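Enquirer: I would like the atomic coordinates for the input below:
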Amino acid sequence: MQRRLRLRRRRLLLTLATAVLTASLLSALACQPVEKVFTYTFGSTSAASTHYSAALVLANLINSENPDIKVAVGETGATHDNLIRAQTGKLDGGFAVNWDGMAMAYNGTTIDEYVDYGKWPELRMLPGYVYNYVYVVIVDDGPGAEIDTLYDLHGQKFSAGITGSVTEFNIRRQLEALGIEPDWVSASYPEVVAMAKELEIVGFARSTTKFELDSSMLDLKSEVDIKILGWPEDQLQTALMATPGTSATWIPQNAIQGLPMPGFHTLGHTTGVFVTTDIPQDVGYRMVKAYVDRWDEFARAWPAAGNWTPLETDLALLGDITELVEMPPLHAGVVQLMIERDYHVPSRLIGPEYDGNSAEE
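Expert: Numbers count the residues shown, from 1 in each chain. As a prediction, the model looks like this:
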């Protein structure tokens, strides 16, 4: 009897030991890090911009869907600052205007840094996410009270936008094309708003995604009167030719919430994301799929994206602009996702690195 009890005890102890060992092994395996983590830093824009929060939301969607992908977002001077930093290896990608900054950097034209770097054949595009309207905001007090048209900006202290941003670049070229040369002021957006409050400048250019004033404009309006200048219709084509890829929009009368005023034309651009061929096709595919499939979550967090249909809107806009400007191809991962979802991708938007066989595996 005692011998049988001892045997049962040994079997019970053995069973318990096996269960504990198995549980420990499973726990250890679950805690093991993934085999390889792909870590990237993307440039965004000023933290004062709504686009900065959009970048954080997109990065979070990518990271939450992919344990082996970590995208960090850094505050920068926006489009051109991001592209120039990426050329020097300080960034892996970033947010930029699709057919101004990206096209210039890809072709090595227009800006000294792009020209010095030369053609950038490794540059690639991810889907865009929003259209931007650029407002020329004027302080309707002090020297600004005398400014009623864009031509009145000549010789006046005026900021074209965040230093290094595509808004700054475009406004400078557009006004110069009209023969207007303000006394340019280059600074961060918070600094510009502070100068406007003190009447040190007559105004500034600011991109926005809606027919409304952003929080900084509302803050400025709470202290001084402001107005927005429109582009003269007979000079729209001249301004647009100076910045290929931008487009004009008519803002109806009183359409801007919080600022009753007559209708006017404004110029604008589309924002997207760029990377390079250093990001593998599979990784790019999973990055893009993560936020395309959860676009409704992105739009809830950042409502301006609600009017954009990822992939479909991109192809529609790119189909028009590539007839006029040589654009970088879409990243191979984007091409894979588009083809997988039965979109026709023009051959000019497919880079030589795209592996159709890999996509079918």
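Enquirer: Wait, Ser46 touches Ala55, no?
Expert: No - using C-beta atoms under 8 Å, Ser46 is not in contact with Ala55; the gap is 11.2 Å. In this view, the C-beta of every residue, glycine as well, is placed from N, C-alpha and C.
Enquirer: Those two: which is more packed in?
Expert: Ala55 (26 against 18; other C-beta atoms under 10 Å).
Enquirer: Look at the residue nearest to the more buried one when sequence neighbours are not counted and report its pLDDT.
Expert: Leaving aside its sequence neighbours, Ala55 sits nearest to Ser44 (C-beta to C-beta, 6 or more residues apart in numbering; 3.9 Å). On the pLDDT scale, Ser44 is placed at 96.
Enquirer: in the chain, which spans are strands?
Expert: 38-43, 69-74, 93-97, 123-139, 157-159, 183-184, 203-208, 226-229, 247-251, 264-276 (DSSP state E).
Enquirer: OK, contacts around Lys227?
Expert: Val137, Ile138, Asp140, Leu259, Met261 (C-beta atoms under 8 Å, 6 or more residues apart in numbering).
Enquirer: and it, what are its bridge partners?
Expert: Bridge pairing for Lys227 (DSSP bridges) gives the partners Ile138.
Enquirer: Report pLDDT for it.
Expert: pLDDT, Lys227: 96.
Enquirer: Quick check: it vs Pro182, distance?
Expert: For Lys227, the distance to Pro182 equals 16 Å [C-beta to C-beta, to the nearest Å].
Enquirer: leaving aside the residues next to it on the chain, what's closest to Glu212?
Expert: Here the residue nearest Glu212, using C-beta to C-beta, 6+ apart, is Gln257, at 4.2 Å.
Enquirer: who are the neighbours in contact with the most centrally placed residue in the chain?
Expert: In the chain, the residue lying closest to the centroid (C-alpha atoms, centre = their mean) is Phe95, at 3.2 Å. With contact set as C-beta under 8 Å, 6+ apart, Phe95 has these partners: 42-45, 51, 54-55, 78-79, 82, 271-274.
Enquirer: Could you tell me the per-residue confidence at it?
Expert: For Phe95, pLDDT reads 93.
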